[in-house]
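Student: coords below, sequence missing:
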């Protein structure tokens, strides 16, 4: 009997037909653009036409998007990974490991063979969704087709580090690379490399990928360079077999049940008549009635800013250029602040070209006008400013506020949704009072809409229009674009129309902004004069969804997409220059731009720098985390308590010991307990060896042993530290489990968080290399010095001979003393810096987090960056002891976290002091602390600044955040 | 110590008279019985069953979005109930169970209070249900005696669910086991209202009758895929939290084993004992916990005895045996969240033939990084048949993704089952030859 397999994935549909002898006699691969039933019927009809199948056949469906169809029509269904395994076992019996990438799933299958271990299948968790779709999304970003991206990647010179946790994160890394002028070829290969890291890091989970490796699925089939990256990483040559696209479909065909034959023409009829249930989770439609829509469009039709097209050239022009993540916005205004020329362009991966075109057009339009000032803002601010010799650069938050103020002097709330970022500002007394910027996880909402539209075959405008007619918008959740993606998949399965998907996406973007970025519970919190702007608000569906969600009308300037640039232009004018340095038309004729990548050797960070060289020797270096490569000076460290702490910690080393070496990973709580354990074991006659400072390389090296890809980055780094110690020949590692921390006396208890407390267990269970050594990870309580020596002696007895209780007692006394001295030193230095700040009237930033945020690989140099702004940088424990615990509305029971509340209270009472809280992505406890720290600060009129950090290397968003903060503080100072 | 504050949320003894107390559902059967005990004690408790999208939406609105899913749901459910107009807000209070310990779940009570203020219900009293407040604290109390009764009621629930789950997939008369369960819930409620059923003697005899009655249900025991469910306590038990996981598995023709709540309670007690042993502390408290532990172990054994009297049932292992099953895999000092209990339960399930396991956790659950996902690899080393799939639950995680992963686990389970069946029939053939 003929057997048919139909594989309906998230983006494509594959059909495979096998004859009686299991030979593949027909195959077809097509994108389904969410029209699953329609396309399935079409593919089957075409197949039937060619093969003329009048006899009954066996049919089986597979693939995540096919589940609903199969269920409803009573067709056999087989899970896709299982189908793959079936096909591989039959067709390629030698296979040991299969790596299959699909539209949104990544899978690794360890095939069960006699010789190897048992069968294991790994699918990515929900958080790492998006591989094929991710590559598509990235290609769109680079303005090339995925195939071109593959071609491009062949000529690469450098590979950039791109976060591999998930698509959203990776995008956050890539976007600034584009803006810095990195080469497309290098970005392309880096994207493939990130996919490899993500797949192997996320899925291998400690099991080595060895033997015969087979690559399957669309991305693996189409992208030779991606396969090469896998080969390189796995140190093998995997095979991408014939029909690599059809393994799931063939597996489905193998599973087709011959005892339940079907007539294919009947099935086609069934599918054509199949109306999906349409019972997906939904939200109310955007408009209740026609009138509703009319009122809406009339109201927003009125909001117009003066854009004129003068017959005569204005005498003076002022320019503003907003080089955003995906678009370049440029505006020229005249003396009356009317817009006389503007452009809104997608930057197509190269903002420099876009700005050049704008300038040329502007000069041609107004040949006799003269420019009297130009300002750049946005992600690409520095690149554009240097390329065209613009006069000023301002931080984008200030640019947006300037524009909104001009538009509505009474504005008290601004929300800007751009391609990558969501920015909100609260205005009080004519100044920015609070800034909300999205964190990486909710990035990319705006451009996601655009990418999604084109994936479904529509332009952004068409897609937005369709949403207005939606009768039953899909509820897609509000977590991140990756999650939205898979919710769309579910909705498609349930038969949602494109109209309803489009409307649902609009609602999601809005909810994300309101509940994730602003964290507001009701609209009255926002303000009365709300101005919405940013390119994404040009989408009427988003605008409407926003009004619906907050239950209040808002104003959208007709130049919503240009506000940053308009604000920059206003700034140019306000500076009233006598002349501008902006490149003239002649200058543009000889304009040239070249981008090169180099690795900075300035410090152990080894940043990959993009050196942009323009004609006439102008240069711009991007990718740096400090000023060293530019000014050749290291950033100021003498105002930085964090730098002091790092040096202090590094000084705790121990001499050779009679009892041999004990290794300890230098991460997580060891960033505070290093002096304790160093002294303890030194006193017992051991030589304590701490692992090296963290590095990206160290992380990647042991990444495949991490069992949970959603745990925080500092915890993941521990794997690398342990591995390094073992590879350095250390045969005893001490890394204790500790439910309790030392008690600072600031809370009702003194716990560690579950990850810090028990990560040693994870290491023990998941790192094969610790089995070869003596790995000591017993439970230790250092909070009760009374019991500690006795308990510790018992533990040590298990591993070493002849360590007496009295020895341990002495060692413990010394260890506690060393710890307290350590804290005293930090406090003393903190006091010195506070005096210094007072003397010199410097702003003070209490940079809060956990002890392990001190790790430069974790904070990516943020402390240096803040110090670089001329602020004194303190840490939480350097001030937490100076005030009594504030009243808190949470259970204050973790030692490290209690310090945060105290630090906030301390800062709240002091002028010139501000608090910036670092939060690791995935930190569950900080979901509790951040709201509370914010409350303490805001109730005292202070700005709360939170910086989320993860693997992401790029400090672009952080810089904007910090610059905005300092700009606001400067303004405040100016007022007083 | 933190500054002392007066709590505007206190549920006072006076309120006990005429206030309705709303409590979010978790383990449906157990909570029904628990409610009866509380109502008998003079409270007026109603378990909330409101569900749907607006519950999660309400949670997202009033609770930090990175907080764990159970907090979002529980708080969302309570505020949604207050919003519904069904309750006289002047006479309504909320009850929330509160665990202690280093997991952030210990903060639910506080998050609820914050959310109530945000949502415009600053005057709704909240009564925490926790062991820590038995002696101190202000407001109405559940006495130690009532706690004991509640605990016993929960055990009855555990037993009913355990037996029902082992019968339902095989019963000839569909619905019979559910009917018996319902009738027992009613009988027990009556019993509790009469203040009966709590003595060790009654417990033993009731357990036996229950098991006997379930054993009488006619079944056709065809081999089916056996699935164990473990995980974070709320998403493990609550249909609202796990997208009706049990129902889904029923449509996939599986038998489900869900280790009960007694194990979790014993785990909490055990932890206090272990903490003393690991780090030192007060010997007196240690000895009190030892006594409680002994008492619970008795109930545990009574349940096991009742179940194992019928060989067709699979009885759970005694708690302390189960605990030891994770020896060498995870340290028993790992006590935050579900801690070592989760690991032990997975191992136990493997040994009892429920080696196809769903480990359900809220997205980003901190303890589960360690005791759930973190231990799967090590469990597989000693139990190669372990077929464990971790599933994340979250307001944004789509059901199709979850079900797809579960289906993969089930495909493998089905294959193992088929293999066993052929082996068994081959053996039989050999024997007949």
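Tutor: Great, that's in hand. Please read these numbers as outputs of a predicted model, since none were measured by experiment.
Student: Next up, phi/psi of the closest residue to chain B within the stretch 151-300 of chain A, please.
Tutor: Using Cβ to the nearest Cβ, residue A:281 is the residue of the stretch 151-300 of chain A that sits closest to chain B, at 5.2 Å. Quick note: C-beta positions are derived from backbone N, CA and C, even for glycine. In terms of degrees, to the nearest 10, the main-chain angles of residue A:281 are phi -70, psi 130.
Student: Can you name the residues of the stretch 51-200 of chain B sitting close to chain A?
Tutor: Applying Cβ under 8 Å from any Cβ of the partner chain, one finds that the stretch 51-200 of chain B approaches chain A through B:53, B:60-62, B:64-68, B:101-104, B:106-107, B:109-111, B:113-114, B:118-119.
Student: and those, which are buried?
Tutor: B:60-62, B:64-68, B:101-104, B:106-107, B:109-111, B:113-114, B:118-119 (16 or more other Cβ atoms under 10 Å in any protein chain shown).
Student: of all the residues in the stretch 251-400 of chain A, which ones are close to chain B?
Tutor: Listed as neighbours of chain B in the stretch 251-400 of chain A under the rule Cβ under 8 Å from any Cβ: residue A:281.
Student: Now do stretch B:149-156: everything it contacts.
Tutor: Contact partners of stretch B:149-156, identified using Cβ atoms under 8 Å, 6 or more residues apart in numbering or on different chains, comprise B:27, B:30, B:33-34, B:36-38, B:40-41, B:142, B:184, B:188, B:192, B:197-198, B:203, B:206-207, B:210, B:260-262, B:265, B:296, B:299, B:303.
Student: what helix or strand is residue B:390 on?
Tutor: Secondary structure from DSSP states H and E places residue B:390 in strand B:387-393.
Student: Equivalent analysis for residue B:75, please.
Tutor: helix B:69-83.
Student: Likewise for residue A:375?
Tutor: Assigned by DSSP H and E, residue A:375 falls in strand A:370-377.
Student: Give me the helices and strands touching that strand, please.
Tutor: Counting by 3 or more Cβ pairs under 8 Å, 6 or more residues apart in numbering or on different chains; DSSP states H and E, the packing neighbours recorded for strand A:370-377 are strand A:316-323, helix A:381-388, strand A:392-393, helix A:396-407, helix A:563-574.
Student: Just say helix, strand or coil for residue A:103.
Tutor: Following DSSP: H, G, I helix; E, B strand; the rest coil, the label given to residue A:103 is coil.
Student: again, but for the one 5 residues further on
Tutor: Judged by three-state DSSP, the three-state class of residue A:108 is strand.
Student: doesn't residue A:98 make contact with it?
Tutor: Yes: under the criterion of Cβ atoms under 8 Å, residue A:108 makes contact with residue A:98 at 7.1 Å.
Student: Could you check the lowest-mean-pLDDT helix or strand in chain B against chain A for contacts?
Tutor: Least confident helix or strand of chain B, by mean pLDDT, DSSP states H and E, is helix B:399-432 with a mean of 85. Yes: interface with chain A: helix B:399-432 contributes B:399-401, B:403-405, B:407-408, B:410-412 (Cβ under 8 Å from any Cβ).
Student: mind checking the longest helix of chain A?
Tutor: Selection of the longest helix in chain A by residue count, based on DSSP state H, yields helix A:805-840.
Student: now the strands for the stretch 51-200 of chain B?
Tutor: Secondary structure of the stretch 51-200 of chain B by DSSP state E, counting those that start in this stretch: the strands cover B:92-97, B:126-129.
Student: follow-up on the earlier one: now the strand holding residue A:375: mean pLDDT?
Tutor: Per-region confidence: strand A:370-377 scores 94 on mean pLDDT.
Student: in that strand, what counts as buried?
Tutor: A:371-377.
Student: Can you tell me which of the residues you listed is nearest residue A:68?
Tutor: Taking Cβ to Cβ as the measure, residue A:68 lies nearest residue A:377 of those, at 47.2 Å.
Student: Distance of the residue nearest to the closest one when sequence neighbours are not counted relative to residue A:964?
Tutor: Counting by Cβ to Cβ, 6 or more residues apart in numbering or on different chains, residue A:377 lies nearest to residue A:399, which is 4.2 Å off, once chain neighbours are set aside. Residue A:399 sits 10 Å away from residue A:964, going by Cβ to Cβ, to the nearest Å.
Student: neighbour count winner among those two?
Tutor: More neighbours surround residue A:399 than the other of residue A:399 and residue A:964, with 28 against 22 (other Cβ atoms under 10 Å in any protein chain shown).
Student: you'd agree residue A:5 is up against residue A:251?
Tutor: Yes: counting by Cβ under 8 Å, residue A:5 touches residue A:251, with 6.7 Å between them.
Student: Any chance you could list residues touching both of these two?
Tutor: Common neighbours of residue A:5 and residue A:251 (criterion: Cβ under 8 Å, 6+ apart): A:62, A:83.
Student: Between those two, tell me which one has more neighbours.
Tutor: Counted by other Cβ under 10 Å, residue A:5 and residue A:251 do not tie: residue A:5 has more neighbours, with 31 against 28.
Student: and stretch B:176-195, average pLDDT?
Tutor: Taken as a whole, stretch B:176-195 carries a mean pLDDT of 97.
Student: Need the residues that contact it.
Tutor: Here stretch B:176-195 makes contact (Cβ under 8 Å, 6+ apart) with B:29, B:32-33, B:36-37, B:40, B:149, B:153, B:156, B:160-161, B:163-164, B:167-168, B:171, B:197, B:206, B:210, B:213-214, B:217-218.
Student: Now, these that are in helices?
Tutor: Secondary structure from DSSP H places B:29, B:32-33, B:36-37, B:40, B:149, B:153, B:156, B:160-161, B:163-164, B:167, B:206, B:210, B:213-214 of these in helices.
Student: From the contacts of stretch B:176-195, list just the buried residues.
Tutor: Burial by neighbour count, judged by 16+ other Cβ under 10 Å, picks out B:29, B:32-33, B:36-37, B:40, B:149, B:153, B:156, B:160-161, B:163-164, B:167-168, B:171, B:197, B:206, B:210, B:214, B:217 from the contacts of stretch B:176-195.
Student: Now do the helix or strand encompassing residue A:266: which elements does it pack against?
Tutor: Using DSSP H and E, residue A:266 sits in helix A:264-273. The helices and strands touching helix A:264-273, judged by 3+ Cβ pairs under 8 Å, 6+ apart, are helix A:36-51, helix A:67-73.
Student: Could you tell me which of the contacts of stretch B:149-156 count as buried?
Tutor: With neighbours counted by 16+ other Cβ under 10 Å, the contacts of stretch B:149-156 contain buried members at B:27, B:30, B:33-34, B:36-38, B:40-41, B:142, B:184, B:188, B:192, B:197-198, B:203, B:206-207, B:210, B:260-262, B:265, B:296, B:299, B:303.
Student: I'd say residue A:664 and residue A:691 touch.
Tutor: Yes: judged on Cβ under 8 Å, residue A:664 makes contact with residue A:691 at a distance of 7.3 Å.
Student: Next, show the common contact partners of those two.
Tutor: Shared contacts of residue A:664 and residue A:691, defined by Cβ under 8 Å, 6+ apart, comprise residue A:725.
Student: Helix, strand, or coil at the residue nearest to residue B:353 when sequence neighbours are not counted?
Tutor: Distance criterion Cβ to Cβ, 6+ apart; nearest residue to residue B:353, sequence neighbours excluded, is residue B:226 at 5.8 Å. Following three-state DSSP, the label given to residue B:226 is strand.
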